[in-house]
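[1] Below is the sequence, then the predicted model.
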Amino acid sequence: MLFFQVLLLAAYAYAWMLSRFFGVYRWRVVHLLVCVASLTFLPLAFSPMAGTGMPEIVIVKNLLLQLGLPLLVIGASAPLLQYAFSQAKHSKAGDPYFLYAASNAGSLLALLSYPWLVERFFKVGQQFYAWNIIYVLYLVLLIGILLTLGDDACAKVREKPVKLALQRKAFWVFLSFVPCSLMLGVTFYISTDIAATPLFWVLPLALYLLSFVITFSKKPFISHAWVVRNIWFFLLLPLLGFIIGSHEVPAWQMIVAHLTGFFMLALLCHGELVSSRPAANQLTTFYFCLALGGVLAGLFNSILAPAIFYHAYEYPLAVLLSLLCIPLRKKPGEWQAPVMVLSILLFNYFLPDKPWIQTLKAYHLAEILALSIILFCSKSVRCLFFGMAMLFVFIFMPWLKPTQILSQQRNFYGIKQVFSQAGAHVLMSQSTIHGFQVQDGENASNGAMAYYGAVLPVVKRMQSMYQPLHAMVLGLGTGIMACQFGKHDKLTVVEIDQQVIDIASNPNLFTYMRDCASNTVLIHDDARLAAAKAQDAAYELLVMDAFNSDAVPVHLLTLEAFGLYQQKITADGVILVNISNRHLRLLPVLTAAGRQLDMIVLQKQQPGNSRLGQLASQWALLTKNERLAGQLMAEGWRFVTENDSILWTNDYSNLVPLIKWL
């Protein structure tokens, strides 16, 4: 997302420069030359190069260097053609902003069609091939339009634009920043605190684009006046969700509440943008300010927020900033509401710790009363802002919460939180448990807890066959897998996230690595890259247990990835894959890869067992060892006979057929 925001800013800056400093013909000549120069990027493809530093910056750099110029041409052509249209002798030329609605409608159509149509039925190589052809046709059409623009079509271009005040430009940037930050924030917040739903990012982005389509239309079917009048009602539901908590309300209700609130706030901000739009000869400046706000939001949400916030605080902060966009007239006695809110929250916080008081607090009566005062008694925008800020402090600050949080960290790979509950330390990656450790001495080194009860019999059987057993585990978690191996076994563990390594290695949080990993090599690297560097046929067992929240990195489940894993194990070795997932059926992917590699595919659905401290899990096993497969089938593993298989490759993957809709 940050890449496209940076590219759009560059494109709009380029369009602004052409319209500002070049004459009637010269801007067209310059753009024609850039269009021709972009052909040097064809045939277009993308080959990511490894880099050091922040993953976000490495990704943006790769995309800009390899795809930048053609996408710059596409991004800049939209405002330039709107600018040319605004100077034409046409009845609608004086207000060409409705074309921005058409532009975003096209983006919305492309967004919705890609995962369900393009990605599902075409490989990446085929997509690039088709894109090259379409881009050439696009350039032919664009060049034709630029060449046919006559002097009469640009009669107004010599009009000197009125100088815009810096305050007005800053206002546009702010109105663009807030909804973009909201879009990124609500996506991350829902996937972090509510449900790691696959392809969920499509929905907030679609609503974001739809808000542009509606507000920039000639006759919007949702008027700005209606949004301003009813914004309070739509804000109430997500704010109540903040207060009550994501685990007390069904996930779908929380998702609907937050998406509806976000959409109405986006309509509010974009409606204010439309109301304050400049004359047509300042169109490119206006669009540049919009792009600048988007880039600032991308930088804030993608880079700055993970560095300064331990949780998804950027979303409530964006909600807080959006309140400044509500047109609210100042009235006498404006500070009464914030004072009442602070008094109620402090009184509630300092109430004595007695059972009946804790029962009342569980209903969040004080917070709901404070919210009612903020929404219905605030008499100015600044008091609305300060009142809500105080409420958010009491809702979100960890030192004001009853749960004992032992560690909370965040980076590019998500939020990791360790908390103490019911005599155990629990590691949460966003909204998914990634392991726990019981603190009593008897079970502190039990390697069959959490998701790993199903695989312990496999490890034990292989230990009886190979002494020592050489194993590679892709994905560290709490380090619980280390306790399934003996002191004489040779274990290699690969983990890409340094924060996870720090958590698992901290004996104050988890002691698996201290107590069970005496003969373990820990590698900080991407799982697939680390496997590629390993010696062929070096392991009898390879365990793939790499997750980001509830999602498995796609590049670890392709045919090429499993071909690599097969090279690293012995001829009769085993590949174990954790396919536990709340939202996706991953077994068809494993089945397809196993059959392509002529390997036996087994599957085990392990039910949860609270007495043994085991969570429900699902595992797949790939091997050519028929004898071992027969023994495991006698112990509860099932031979996969279904024809349901979906092959992922480096060139093709799609989540839609694998989603658990019910």
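    Perfect, I can see it now.

[2] Any idea how far apart the tips of stretch 211-223 sit?
    11 Å (Cα to Cα, to the nearest Å).

[3] To what extent is residue 381 buried, counted in neighbours?
    17 (other Cβ atoms under 10 Å). C-beta: built from backbone N, CA, C; applies to glycine.

[4] Isn't it up against residue 334?
    No - assessed by Cβ atoms under 8 Å, residue 381 is found out of contact with residue 334, at 9.5 Å.

[5] Could you pull out the strands in the stretch 551-662 of the chain for me?
    Ranges of strands within the stretch 551-662 of the chain are 569-578, 600-606, 617-623, 638-639, based on DSSP state E, counting those that start in this stretch.

[6] For those, give me JSON lines that also has mean neighbour count and mean pLDDT.
    Listed next are the strands of the stretch 551-662 of the chain as JSON lines, based on neighbours: other Cβ atoms under 10 Å; pLDDT from 0 to 100:
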{"stretch": "strand 569-578", "mean neighbour count": "22", "mean pLDDT": "93"}
{"stretch": "strand 600-606", "mean neighbour count": "20", "mean pLDDT": "92"}
{"stretch": "strand 617-623", "mean neighbour count": "23", "mean pLDDT": "92"}
{"stretch": "strand 638-639", "mean neighbour count": "12", "mean pLDDT": "94"}
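
[7] Need those strands in CSV (columns: distance to residue 266).
    Putting the strands of the stretch 551-662 of the chain into CSV (distance: least, Cβ to Cβ, whole Å) gives the following:
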stretch, distance to residue 266
strand 569-578, 38
strand 600-606, 42
strand 617-623, 38
strand 638-639, 48
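
[8] Which of the ones you listed sits closest to residue 517?
    strand 569-578 (18.4 Å; Cβ to Cβ).

[9] Report the inter-axis angle for the closest one versus strand 617-623.
    160 degrees (axes from the mean of the first three to the mean of the last three Cα atoms, to 10 degrees).

[10] In space, what's closest to the residue nearest to the spatial centre of the chain - neighbours in sequence excluded?
    Within the chain, one residue has its C-alpha closest to the average C-alpha position: by Cα atoms, centre = their mean, that is residue 188, at 5.3 Å. Computed as Cβ to Cβ, 6 or more residues apart in numbering, the closest residue to residue 188 that is not its neighbour in sequence is residue 312, at 5.3 Å.

[11] The one you found reaches residue 189, doesn't it?
    Yes - Residue 312 is in contact with residue 189 according to Cβ under 8 Å; the separation is 4.4 Å.

[12] ok, back up a step: three-state assignment of the residue nearest to residue 188?
    Following DSSP: H, G, I helix; E, B strand; the rest coil, we place residue 312 in the coil state.

[13] measure it to residue 306 for me?
    10 Å (Cβ to Cβ, to the nearest Å).

[14] And the two? Which one has more around it.
    Higher neighbour count among residue 312 and residue 306: residue 312, with 25 against 21, using other Cβ under 10 Å.

[15] List the contacts of the residue nearest to residue 69 when sequence neighbours are not counted.
    Distances taken as Cβ to Cβ, 6+ apart place residue 38 nearest to residue 69, at 4.5 Å, with adjacent residues excluded. Applying Cβ atoms under 8 Å, 6 or more residues apart in numbering to residue 38 gives the contacts 69, 70, 72, 73, 139.

[16] now do residue 603
    587, 590, 618, 619, 620, 621, 637, 638, 640.

[17] just residue 396 next, same as before
    So residue 396 contacts 242, 311, 313, 316 (Cβ under 8 Å, 6+ apart).

[18] from these, which has minimum pLDDT?
    Confidence by pLDDT is poorest for residue 311 among these, given 80.

[19] which one of the strands of the stretch 551-662 of the chain lies closest to residue 545?
    strand 569-578 (4.5 Å).

[20] can you give me how far that closest one is from the chain middle?
    32 Å (Cα atoms, centre = their mean, to the nearest Å).

[21] Pull up the pairing partners for it, direction included.
    Sheet pairing of strand 569-578 (DSSP bridges) gives strand 539-544 (parallel), strand 617-623 (antiparallel).

[22] Dump the last one to CSV, restricted to CA.
    Yep, that's strand 617-623 we're talking about. What follows is strand 617-623, C-alpha atoms only, in CSV (Å, rounded to 0.1, in the frame of the first residue of the first chain):
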residue,chain,number,x,y,z
SER,A,617,-5.0,-28.5,15.6
GLN,A,618,-4.7,-29.9,12.1
TRP,A,619,-1.4,-31.3,10.7
ALA,A,620,-0.4,-32.8,7.3
LEU,A,621,2.5,-35.2,6.8
LEU,A,622,4.4,-35.8,3.5
THR,A,623,6.8,-38.8,3.1
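
[23] Now do it: everything it contacts.
    451-455, 458, 562, 566, 572-581, 586-587, 590-591, 593-594, 597, 599-606, 629, 632, 637, 640.

[24] The first one too?
    Residues lying outside strand 539-544 but in contact with it, judged by Cβ under 8 Å, 6+ apart, are 455, 458-459, 462, 465-466, 469-475, 481, 492, 527, 531, 556, 565, 568-570, 572-578.

[25] Tabulate the CA atom coordinates of it in PDB.
    Extracted in PDB, the C-alpha atoms of strand 539-544 (Å, rounded to 0.1, in the frame of the first residue of the first chain):
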ATOM      1  CA  TYR A 539      17.500 -33.900   7.900                       C
ATOM      2  CA  GLU A 540      15.200 -36.800   8.600                       C
ATOM      3  CA  LEU A 541      12.400 -34.500   9.700                       C
ATOM      4  CA  LEU A 542      11.400 -31.000   8.600                       C
ATOM      5  CA  VAL A 543       8.600 -29.200  10.400                       C
ATOM      6  CA  MET A 544       6.900 -26.200   8.800                       C
END
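
[26] check which helix or strand covers residue 436.
    strand 432-438 (DSSP states H and E).

[27] Could you check how far the following helix or strand past that strand is from the centre of its chain?
    Using DSSP H and E, the helix or strand that directly follows strand 432-438 along the chain is helix 456-465. Distance, stretch centre to chain centre, for helix 456-465: 38 Å (Cα atoms, centre = their mean).

[28] Tell me the first helix or strand C-terminal of helix 456-465.
    From helix 456-465, the next helix or strand downstream (DSSP H and E) is strand 470-474.

[29] Each with direction, which strands does that following strand pair with?
    Partners of strand 470-474 in its sheet, by DSSP bridges: strand 490-495 (parallel), strand 539-544 (parallel).

[30] To residue 114, which of those lies closest?
    Here strand 539-544 is closest among the strands paired with strand 470-474 (Cβ to Cβ), at 27.7 Å.

[31] Next, the angle helix 456-465 makes with the closest one.
    170 degrees.

[32] Show the contacting residues for residue 294.
    5, 8, 9, 176, 177, 180.

[33] Filter those down to the buried ones and hand me the PyMOL line.
    Buried residues within those, by 16 or more other Cβ atoms under 10 Å, are selected in PyMOL with:
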select buried, resi 5+8+9+176+177+180
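
[34] Check the contacts of residue 294 and tell me the two furthest apart.
    8 and 177 (13.7 Å).

[35] Would you mind listing the buried residues in stretch 98-118?
    Per 16+ other Cβ under 10 Å, stretch 98-118 contains these buried residues: 99, 100, 101, 103, 104, 105, 107, 108, 111, 115.

[36] er, stretch 15-34 I mean
    15, 16, 18, 19, 24, 27, 28, 31, 34.

[37] Tell me the secondary structure at the second one.
    Read it as residue 16. helix.

[38] so what's it scoring on pLDDT?
    82.

[39] so it touches residue 290, yeah?
    No - counting by Cβ under 8 Å, residue 16 stays clear of residue 290, with 11.3 Å between them.

[40] ok, then the element right after the helix or strand bottoming out on mean pLDDT in the chain?
    Every helix and strand of the chain was ranked by mean pLDDT, DSSP states H and E. The lowest is helix 355-361, at a mean of 70. Next along the chain after helix 355-361, taking DSSP H and E as the criterion, comes helix 365-377.

[41] Could you list the residues in contact with that next one?
    Contacts for helix 365-377 (Cβ under 8 Å, 6+ apart): 232, 235-236, 239-240, 243, 336-337, 340-341, 344-345, 347-348, 384, 387-388, 390-391, 394-395.
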